[in-house]
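Colleague: here's a sequence, model it:
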Amino acid sequence: MNLDLKDKVVIVTGAGKGMGPAICQSFAEEGAKLVLIGRDTGALDSLKADLSSLVEALVVRCDVTVPADCEAAVATTEATFGRVDVLVNVAGGTGPVGATAWETSPEGFDEIVQLNMGGCFLMMRAVLPGMTGRRYGKIVNVGGTFGMRGRAGRMAYSASKWGLRGITKSTAIEAGPYNVNVNIVAPGMVDGPRFRTKVMPGMAAARGMTEDEVIAEHAEEYALRRISTAQDVASACLFLASDVSRQITGVDLPVDGGWAAL
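Modeller: Prediction:
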C-alpha cells in the first residue's frame, strides 16, 4: 500500500530516544522530510546522520514543556520547509514507578503531567494555526494503555496519559472542520532500552521478582502473548499520519497485543 508520505513535512518530538528513532526511520523510508525535536541535540545529530542517506532532516533543540521553544521550533520548520504536514508527539517520560497514589510526591506528579500532557498540548497549539489555515494536517499523539485501564504503581503516568486522551479527542472535534485529523496511538509495554533500564528494575524490585519473570508475566496478560516493539508503534503512526486513515479522527489505537481489550 502506498501511504503517499513522500515529501510530507513531519515533526517528531522526542525523536532521539525511546521509540523516536524507529518512528523517524519509518517515516524516512516513506520519503518524508523530518524535523527532529528534543532536548538532547547529540542524540538528534546522531539520528540525522543515520537517516541522511534516506531523507532530508532538520535538528531543532526544543523543550516541549516550554511554550516559546515549541513556537520557535514550528517557526523554524515553516521557515525551512514552508509548512508542517504531520506532528508526531513522542516526547514523554515514565514518572514515578512503583509508588502508590499516597506515596507520589506533588512534584513528581506535576512533572510527568506537564511533560506527557502539557508537552503534547503546547506542540499542538503551535502547529494548529498553520494546519487549520491550510486546511490540512495530521497529529498523532503517543499515549499509553495505562491511560485506558490504569495501573497500580503508575498513577501519575496513567493520569498523564488519560488526560492526553481528552486533549486529543477534544482537539479532534475542534480541528475536524479544517480537515485536520488528531488521533492517539496507545502502546502497551514496549520492549527497548527505557523499558529494560527504567521500568523493569523498579517493578521487579517492588514485586520481589526477576526482571525476566516480570516481562514474562506481562506477556501472559496480552492476547497475543508478546510485548510490542518500537516498530509496531511506528507502523501505527505511519497509518494515522497518512491519508489512508483520512476518515479516522479522535480515536485511541491500542498497540498492545490485546491487553486493553481483555
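
Colleague: contacts and neighbour counts: CA atoms only from here.
Modeller: OK.

Colleague: can you tell me the closest non-neighbouring residue to residue 252?
Modeller: Once flanking residues are discounted, residue 252 sits nearest to residue 184: 5.0 Å by Cα to Cα, 6 or more residues apart in numbering.

Colleague: pLDDT score for the one you found?
Modeller: With respect to pLDDT, residue 184 scores 98.

Colleague: pull the contacting residues for it.
Modeller: Contacts for residue 184 (Cα atoms under 8 Å, 6 or more residues apart in numbering) come out as 140-143, 165, 168, 250-253.

Colleague: of those residues, closest to residue 34?
Modeller: Nearest to residue 34 out of these is residue 140 (Cα to Cα; 14.7 Å).

Colleague: and the helix or strand hosting that closest one, what's its mean pLDDT?
Modeller: Residue 140 belongs to strand 137-142 when assigned by DSSP states H and E. Strand 137-142 shows a mean pLDDT of 98.

Colleague: hang on, the earlier thing: relative to residue 177, how far out is the residue nearest to residue 252?
Modeller: Remark: distance between residue 184 and residue 177 (Cα to Cα, to the nearest Å) = 19 Å.

Colleague: coming back round to it: reformat the contacts of residue 184 as a markdown table; add neighbour count.
Modeller: Converted to a markdown table, the contacts of residue 184 look like this (neighbours: other Cα atoms under 10 Å):
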| residue | neighbour count |
| --- | --- |
| 140 | 27 |
| 141 | 30 |
| 142 | 25 |
| 143 | 32 |
| 165 | 25 |
| 168 | 26 |
| 250 | 20 |
| 251 | 17 |
| 252 | 20 |
| 253 | 19 |
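
Colleague: could you dump the residues you listed to CSV with distance to residue 194?
Modeller: Listed next are the contacts of residue 184 as CSV, based on distance: Cα to Cα, whole Å:
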residue, distance to residue 194
140, 21
141, 19
142, 15
143, 16
165, 23
168, 25
250, 28
251, 26
252, 23
253, 22
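
Colleague: one step back: pretty sure the residue nearest to residue 252 sits in a strand.
Modeller: Yes - membership of residue 184 in a strand is supported by DSSP: H, G, I helix; E, B strand; the rest coil.

Colleague: please name the bridge partners of it.
Modeller: Beta-bridge pairing for residue 184 (DSSP bridges): residue 141, residue 252.

Colleague: centre of the chain to stretch 250-262, how far?
Modeller: 15 Å (Cα atoms, centre = their mean, to the nearest Å).

Colleague: just give me the longest helix of this protein.
Modeller: Across the chain, the longest stretch assigned as helix under DSSP state H is helix 155-175.

Colleague: and it, what's buried?
Modeller: 155-165, 167-169, 171-172, 175 (16 or more other Cα atoms under 10 Å).
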